[in-house]
Each structure stands twice: as C-alpha cells, then as structure tokens.
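Need the 3D shape of this:
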Amino acid sequence: MSNALRIGIIGLDTSHVTAFTQLLNDPAQTYHVPGGKVVVAFPGGSPDFALSISRVQGFTDKLRDEHGVQIVDSVEQVAEQSDAILLESVDGRVHLEQFAKIAPYGKPVFIDKPLAVSSEDAKQIAALAAKHGIAVMSTSALRYAEGLSEVLRNGEKGAVIGVDAYGPMAIEPTQPGYFWYGIHTVEMVFAVLGKDCVDVTVTTNDDYDVIVGRWADGRIATVRGNRKGNNAFGAVVHREKGSQFVDIYSHSKPYYASLLERIVPMFKGEGAAIDFAETIAVIRFIEAANESREHGNTVAL
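Prediction:
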C-alpha cells in the first residue's frame, strides 16, 4: 500500500467529515495529518433522524466543491475506490448494515462513535472484522484530547484510583440514552480506567444524570451528564497522592487531529490503537447504564 492512502468516507451527516477532510487533505492546516487523502464519499443519511438528514446536503456540497471529493451512490463504490474507510454515519443504528456491505472488500475501517447502539450489533461487527481479517477501530475523539492525554502521562501523583468525568448529555430518541452524547464522557473514563467495569448504577432526573461504574479491581468512576447548565466536557483523575483536573480545552490542537494520528497508522497496517474488546465494553457499559437509568437498579456488565 502506498504512503498516499486513498481514503473514503461513508456518511456525510456530521461535522466530523469536514474536520477530518481538512486535516487530511490540506497541508496548510496547522495540525495537518499526513499519510492519506479523502477522495471519495457516499452521503447516506437517516430520514427519521433530523440531525442526520438535515445536514447531508450541506456537508456533501462542501466536500465536493471545496475539497474535490468524488460523491458516489453506494457504500460499495466507496470501498472499491479507496484503500481505507472512515465510516462516519452519525446514526449508530446503521453501522452494522453498512459495515457488513464493505467488510468483504478487506479495507481497514474507522467507525465513528457510537460503534453501535447495542452490544449485539457490536459483537456482530467484531465477528465480521475477524472473518474478513480487517483492522477496525471505533472511539470518540475525546479519548485523545490533549488535555486528557497530558494528565494520563503525568504520573507524579501515583497510580490512578478513580475518575469523575462530566459532559453534556442531550437525549436523541433514535440514539438510545447515552449513545448520543453520553458516549464522549464514557470514552474518557475508559481511557483512564480500562475495560474491566463490572456494574453500573444510574441516578437521573429531567436535567442531570450520574452513572456510577465499579471496576473489577475496586476502583470507581462517575459520569455526570448535564442537560442544564454546564455544557463543557472535563474530568478529575484521582491518584494515590492527589487529584488532577483535566481541561479538555487547554490545548490548541483539536482532538480530531489527535484521533487521526491514531487512525492513519491503523490504515497503514500498524494495528488499531484500541483493543476492540474495550470498544465492545464501552457499548455494553452504555447499554447497561441505559437499563439502569430506566429501571433504577444496578446492572451487571
């Protein structure tokens, strides 16, 4: 595979597609990520999801007219004309169906969050990837925000004993519970503590949610979701000798660039930056949290 990867995009219904294309295609960008260029895209869009279908035309026009991206009529055409694929459809419900169509082409795929809106779909995606021997990665870009990465690299206060994260938690009917915006904050927690959460308990009202997650080694995390008031992301990482505030907005480098710096090496055959089992665990965590949110009980993962 040449150094200049031909990258295809599936789903032009999110601002991520313009952010990624600018960072990949324009060397003049301050945080340009070299190694590939977006050359082909399929618009897609979900008619029953306003935040999807209402944005397709605008992003399609922008990619075609400003970046010279070829617009095609099917996901299969994207797979045929690319070396690697960004599956960007904002509707997590369609990811399994779209992935199943492109997996036989054997191209590495990044699937934007959420990987799926059920753990069963997530496991089917994993099975298809294994069957066709392709590298797959899925995450929120918040996992790689420089403010979080810097705190995780700074171990002067000792081992991590827990984390409290927060962020906006809008609810979208087609994307169950935390799968829409809650996943960003959940990904931050998993970046800190890893995949071995054993159960979750949710407290909720009209304006706020708090998820308490318990890990196998006894560490505890909280995920606070706000529908009122503070609309920013952040966290506090607790260590043996003190706590560290995570300022997600402290660095000028966009987290999309930091994410692409992990995606492009995978596209070039260097393997995924995240164990796919951890990504499935994220989906199961959210699924269990949704169940706890609805029924008020503690749910095992």
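
contacts, neighbours, all on C-alpha from now
Noted.

In terms of secondary structure, what does the helix ranked longest in the chain contact?
Using DSSP state H to define each element, the chain has its longest helix at helix 276-295. Here helix 276-295 touches helix 119-132, helix 182-193, strand 197-204, strand 298-300, going by 3 or more Cα pairs under 8 Å, 6 or more residues apart in numbering; DSSP states H and E.

Any chance of the ones you listed in TSV with distance to D83 as columns?
What follows is those, written out as TSV (distance: least, Cα to Cα, whole Å):
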stretch	distance to D83
helix 119-132	15
helix 182-193	28
strand 197-204	35
strand 298-300	40
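
closest one to P27 among these?
For P27, the closest of the helices and strands packed on helix 276-295 is helix 182-193, at 28.3 Å, according to Cα to Cα.

quick one: which of the helices and strands packed on helix 276-295 is nearest E270?
Comparing those by Cα to Cα, helix 119-132 comes nearest, at 15.8 Å.

Off-centre distance for that closest one?
Its chain's C-alpha centre and that of helix 119-132 lie 17 Å apart, by Cα atoms, centre = their mean, to the nearest Å.

next structured bit after that helix?
strand 136-137 (DSSP states H and E).

Now do that following strand, average pLDDT.
The predicted model gives strand 136-137 an average pLDDT of 98.

Who are the packing partners of it?
strand 109-111.

Show me the contact partners of the strand it packs on.
Defining contact as Cα atoms under 8 Å, 6 or more residues apart in numbering, one finds that strand 109-111 is touched by 84-88, 95, 134-139, 263, 267.

10 Å instead?
7-10, 79, 83-90, 92, 95-96, 99, 102-103, 129, 134-140, 260, 263-264, 266-267, 272 (Cα atoms under 10 Å, 6 or more residues apart in numbering).

Could you write me a PyMOL select line covering just the buried ones among those residues?
Selecting only the buried entries of these in PyMOL, with 16 or more other Cα atoms under 10 Å as the criterion:
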select buried, resi 7+8+9+10+79+83+84+85+86+87+88+89+90+92+95+96+99+102+103+129+134+135+136+137+138+139+140+260+263+264+266+267+272
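
Which members of the contacts of strand 109-111 occur in strands, if any?
Here DSSP state E is the test, and the contacts of strand 109-111 give I7, G8, I9, I10, A84, I85, L86, L87, V136, M137 as lying in strands.

The first one against P34, yeah?
No: in this structure I7 lies outside contact range of P34 using Cα atoms under 10 Å: 12.0 Å.

Common neighbours of these two, please.
Counting by Cα under 10 Å, 6+ apart, the residues touching both I7 and P34 are L24, V264.
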